[in-house]
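> quick one, structure for this:
(one chain, ligands or ions: 2)
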Amino acid sequence: GVFFERYHSLEDIYYWVNRTKQEHSDMVKVILIGSSSEKRPLYVIKLSGKRGEVKRAMWIDCGIHAREWIAPAFCMWFVNYAITFYNQNTEITEILNNMDVYVLTVMNPDGYKYTWTTDRMWRKNRATNKDSNCAGADLNRNFDANWCTKGASDNPCDPTYCGQYPESEPETQAVARFLRSHKDIIKLYLSIHSYSQMLLFPYSCSYDEIPNHNELFELVREASAKIRRYYRNNYKYGPGAKTIYLAPGGSDDWAYNLGIKYSFTFELQDRGRYGFLLPPSFIPQACNEALLASKIIALHVIKKL
Ligand code: 0X9
Ligand code: ZN
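Ligands and ions are numbered 1, 2, ... in the order given. Predicted structure coming up:
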């Protein structure tokens, strides 16, 4: 529907989360995993197909970075697709019959709100930093993976400020705690960003090659090829450090080290023409590309379980 072909304010998104839970109580639960530094709630939508047995799960977060509006739009797109096409589309049915899906639609609500009211190009959260007039830490530099080494900044005024210490930020902490406490069931971690059209996997915090590099490389190569075939659009792929840049303290590397051996960051459209200001008319294709990649990866993980 047209609802998902627009960007939504934070208030709209909260409202949508609540409505979704009420209208689809058979498939949807909402879990409060923590709150932001300005005390906004962090809600995770739990999607389940067949009920009952303890299932494995996958995780998707969107909107770590405030200005990347296509990311929350994707999380909404994914949830709507899953609810609408469960028991109609074979792939999403297979996925939901084998895995619960946890979706954090906006990991950085304070920053997201700020991009709607004050500064469209804001990236970090909105925490106050002591001994500085500059606000915010980069939540994707705040995880405990070679924290604050080359590729992050220890200056609170920089867009890649790593925070005071690993997991210093409440948003990081909430996600890290949830993943730690569910690490035995969560088999796949996906983090959605923009822009530049890339399918990335660990490591970004070093040039080391992960033990299952070949498997993940083949997976993203296949996903990229299918996106090219179906949507005539090019996605680069590979380990973060080599494919984009060295960037420590990221959620994907941390989740990988926690034991989630399928861990990915997607950079959605575009490649710079509009950048973070991707027009709403691009939402459907951008989301469908990422949805295709998500399905391919999830089905592979299920096959391997
Ligand atoms: O730099 C980032 O955090 C991501 N790119 S963005 O333009 N959306 O800011 C890339 C993240 C890749 N993964 C890690 N750095 N761990
Ligand atoms: Zn980002």
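
> quick one: low-confidence ranges for the stretch 51-200 of the chain?
Low-confidence segments of the stretch 51-200 of the chain (pLDDT under 70): 52-54.

> for it, what lies in contact range of ligand 1?
Counting by CB under 6 Å from any ligand atom, the stretch 51-200 of the chain comes close to ligand 1 at His65, Glu68, Asn140, His193, Leu200. To be clear about C-beta, it is placed using only N, CA and C from the backbone, and glycine gets the same treatment.

> which helices and strands does the helix or strand harbouring the last one pack with?
What that stands for is Leu200. If you go by DSSP states H and E, Leu200 is part of strand 198-201. Applying 3 or more CB pairs under 8 Å, 6 or more residues apart in numbering; DSSP states H and E, one finds that strand 198-201 contacts helix 213-231, strand 236-239, helix 240-243, helix 251-258, strand 262-268.

> could you redo the last one with a cut-off of 6 Å?
Applying 3 or more CB pairs under 6 Å, 6 or more residues apart in numbering; DSSP states H and E, one finds that strand 198-201 contacts helix 213-231, strand 236-239, strand 262-268.

> adjacent strands (with direction) for it?
Applying DSSP bridges, strand 198-201 is found paired with strand 236-239 (parallel), strand 262-268 (antiparallel).

> for the longest one, give the mean pLDDT please.
Translated: strand 262-268. Mean pLDDT, strand 262-268: 99.

> residue contacts, the closest residue to ligand 1 within the stretch 201-305 of the chain?
Residue of the stretch 201-305 of the chain nearest ligand 1, by CB to the nearest ligand atom: Gly250 (2.0 Å). Contact analysis of Gly250 by CB atoms under 6 Å, 6 or more residues apart in numbering lists Asn140, Ser204.

> for the chain, what lies in contact range of ligand 2?
Selection of the chain residues close to ligand 2 by CB under 5 Å from the ion yields His65, Glu68, His193.

> secondary structure and distance to Met76 added to those, as CSV?
Converted to CSV, these look like this (DSSP: H, G, I helix; E, B strand; the rest coil; distance: CB to CB, whole Å):
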residue, secondary structure, distance to Met76
His65, coil, 17
Glu68, coil, 14
His193, strand, 16
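
> wait, Glu267 touches Leu199, no?
No: Glu267 lies out of contact with Leu199 (CB atoms under 6 Å); the separation is 7.9 Å.

> kindly check the end-to-end length of stretch 85-100 for me.
For stretch 85-100, the first-to-last residue distance is 15 Å (CA to CA, to the nearest Å).

> picking that back up, most tightly packed of the helices and strands packed on strand 198-201?
strand 262-268 (a mean of 25; mean count of other CB atoms under 10 Å).

> and the next helix or strand after that one, what's buried?
Per DSSP H and E, the first helix or strand lying C-terminal to strand 262-268 is helix 283-304. The neighbour-count check on helix 283-304 (16 or more other CB atoms under 10 Å) flags 283, 285-302 as buried.

> ok now helix 283-304, how far from the chain's centre?
Distance of helix 283-304 from the chain centroid (CA atoms, centre = their mean, to the nearest Å) equals 13 Å.

> contact partners of it?
Under the contact criterion CB under 6 Å, 6+ apart, helix 283-304 has outside partners 5, 58, 70, 73-74, 77, 91, 95, 98, 187-188, 199, 219, 223, 226-227, 231, 262, 266, 268-269.

> tell me the SS of the closest residue in space to Ala174 that isn't next to it in sequence?
Of all residues not flanking Ala174 in the chain, Gly34 sits nearest, at 2.7 Å (CB to CB, 6 or more residues apart in numbering). Secondary structure assignment for Gly34 (DSSP: H, G, I helix; E, B strand; the rest coil): strand.

> ok, Met99 - contacts?
By CB under 6 Å, 6+ apart, the contact set of Met99 is Arg56, Ala57, Met58.

> isn't the first one up against Ile185?
Yes: under the criterion of CB under 6 Å, Arg56 is in contact with Ile185, at a separation of 5.3 Å.
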